[in-house]
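Colleague: have a look; sequence and predicted model below, questions after that.
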Amino acid sequence: MQRGLNVHSEIGRLRTVMLHRPGGELLNLSPDTLAPLLFDDIPFLQEAQREHDRFAWMLADEGVEVLYLDRLVAEALDAHEGARAEFCERWLSESGVDGRCARAAVREKLDSIADTTALVDKCIEGVRADELDLAPSSLLSLADLMLTHGNAVSPLVVDPIPNAYFTRDTFSVIGRGVSMNRMLCATRRRESIFGDFVFRYHPAYAGVPRWHESGSAYHIEGGDILVLGPRVLGVGISERTQPAAIDSLSHRLLWGEPPSGVERVFAFSIPHKRSFMHLDTVFTQVDVDTFTVHPAILGTLRVFELARGACAGEVRIRQLDGTLDAILAQALGVGGVRLIKCGGGDEIASAREQWNDGSNTLCVRPGRIFVYQRNSVTNDILSRAGLELLEVPSAELSRGRGGPHCMSMAFWRDEL
Ligand SMILES: NC(=O)NCCC[C@H](N)C(=O)O
């Protein structure tokens, strides 16, 4: 295992990546909970796992080391005395298990799991009332009763964390450090606990610089963060990422110690709606001078540049004029940039394939990208533009509304 983090671009040869294989958490989705849990449908778990295994296998075949989130967390917990108990208590508190009896029963359930990876998987899967050994009702508090018997909404004492397979979002590797992100929606906030323990206790990752903390007052999500170069970061101002969070992250990157190397942050303001959820939903880099892009954002985008001001600690902000390709060319320091439109010029194909993450690609080296197989119109255009495609089967994985970029967090890329 490579120690530490090293990501200075979106396209340098990918060496190490982190994934999460979807598990029992998807079986704890039900029609009534889909909206708050940020799903549009219930994936067929076995098929989703087959597709995900294929993704992991294809990555390994490209020479990429694949790490799994649950194992990393488990290794971190096993490496440090007391970390497992600390993790369980934090997860219980953030899961809102307030009733004394319910809390004790869930803790007992967790303590009965010997294998630490299985414990982490249980925390992701969620806990049903019928799995617990509950005290006689005379000992229950109102909070216990509401959680375990009277809550008509769900038989779950603890909700699942079904978005865990979108490892892009809760923490973001930038250079040699990491931004611990505050997620917009409650269902995704507990995912930050996993990253926090990895970067505190894992022998290969403890102590890396932290550019942002998930306890921040403002939300920011990893899908909005694109590492455009060693000195240039792109961040989306979106439904999920607030301008104030970008201010705070930029201040740390531009002025903090240890230095991050970042000199300019480009903030791209995109429409606030689900089909445009994150910046990586509307464009991703596929080669040194090429991006895939959702055509619907062209013309609507406002872009700002944040850089060091003249006085210590000052951040200078200016709005940039010009087209997206010209701004990206300037950010990357290349003569020009090609934008390849998701779905081509066809309005329906573009909206349909965008919905299934046609612009959400993962680059293994310049010009060689993972895409969802189902987006055949876009894939054909990308192929004809000279890109090498690695097509991931995607009938079920795509139901979570994220593609190959969302399902992966790069830990190590070679320099360009
Ligand atoms: N970077 C991404 O676009 N991630 C996809 C996240 C999908 C997930 N269901 C969510 O709504 O947060």
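Modeller: Looks like it arrived, so ask away.
Colleague: can you map out the helices along this protein?
Modeller: 45-61, 69-79, 83-94, 100-111, 116-125, 142-145, 186-189, 191-201, 243-255, 279-282, 324-332, 347-355, 376-384 (DSSP state H).
Colleague: check those helices for me and report the most buried one.
Modeller: Highest mean neighbour count of the helices of the chain: helix 279-282, a mean of 28 (counted as mean count of other Cβ atoms under 10 Å). All C-beta atoms are positioned from the backbone trio N, CA, C, and that covers glycine.
Colleague: check which helices and strands that one sits against.
Modeller: Helix 279-282 sits against strand 225-229, strand 232-237, with contacts defined as 3 or more Cβ pairs under 8 Å, 6 or more residues apart in numbering; DSSP states H and E.
Colleague: who touches the longest one?
Modeller: This means strand 232-237. With contacts defined as Cβ atoms under 8 Å, 6 or more residues apart in numbering, strand 232-237 is touched by 174, 220, 223-228, 241, 243, 246, 249-250, 253, 262-270, 278-280, 282, 331-332.
Colleague: also near the ligand: which of those, exactly?
Modeller: G223, H278, D280 (Cβ under 6 Å from any ligand atom).
Colleague: wait, the first one touches L279, no?
Modeller: Yes. Using Cβ atoms under 8 Å as the test, G223 is close enough to L279 to be in contact (6.6 Å).
Colleague: need the contact list for W355.
Modeller: Contacts of W355 (Cβ under 8 Å, 6+ apart): S275, R401.
Colleague: with V303 instead?
Modeller: Neighbouring residues of V303 by Cβ under 8 Å, 6+ apart: F266, A267, F268, S269, Q319, L320, L324, I327.
Colleague: now render those as JSON lines, adding pLDDT and distance to G195.
Modeller: Formatted as JSON lines, the contacts of V303 follow (pLDDT from 0 to 100; distance: Cβ to Cβ, whole Å):
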{"residue": "F266", "pLDDT": "98", "distance to G195": "24"}
{"residue": "A267", "pLDDT": "98", "distance to G195": "23"}
{"residue": "F268", "pLDDT": "97", "distance to G195": "24"}
{"residue": "S269", "pLDDT": "96", "distance to G195": "27"}
{"residue": "Q319", "pLDDT": "97", "distance to G195": "33"}
{"residue": "L320", "pLDDT": "96", "distance to G195": "32"}
{"residue": "L324", "pLDDT": "95", "distance to G195": "31"}
{"residue": "I327", "pLDDT": "96", "distance to G195": "31"}
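Colleague: so how far is Q330 from V64?
Modeller: Distance check for V64 against Q330: by Cβ to Cβ, to the nearest Å, it reads 31 Å.
Colleague: cool, and D159?
Modeller: Distance from D159 to Q330, by Cβ to Cβ: 44 Å.
Colleague: now do V227
Modeller: Counting by Cβ to Cβ, the gap from V227 to Q330 is 17 Å.
Colleague: which bits of the stretch 1-150 of the chain sit near the ligand?
Modeller: So the stretch 1-150 of the chain meets the ligand at L38, F39 (Cβ under 6 Å from any ligand atom).
Colleague: so how many other residues sit close to the residue in the stretch 1-150 of the chain that the ligand sits nearest to?
Modeller: For the stretch 1-150 of the chain, the residue closest to the ligand is L38, as judged by Cβ to the nearest ligand atom, at 3.5 Å. Residues lying near L38 (other Cβ atoms under 10 Å) number 19.
Colleague: what pLDDT does it get?
Modeller: As summarised for this prediction, L38 has a pLDDT of 96.
Colleague: OK, contacts around it?
Modeller: P162, N163, C185, T187, R188, R401.
Colleague: grab the nearest non-local neighbour of the first one.
Modeller: Going back to what we said before, that points to P162. E25 (4.7 Å; Cβ to Cβ, 6 or more residues apart in numbering).
Colleague: quick one: residues contacting that neighbour.
Modeller: Listed by Cβ under 8 Å, 6+ apart, the contact partners of E25 are I124, E125, G126, P160, I161, P162, A164.
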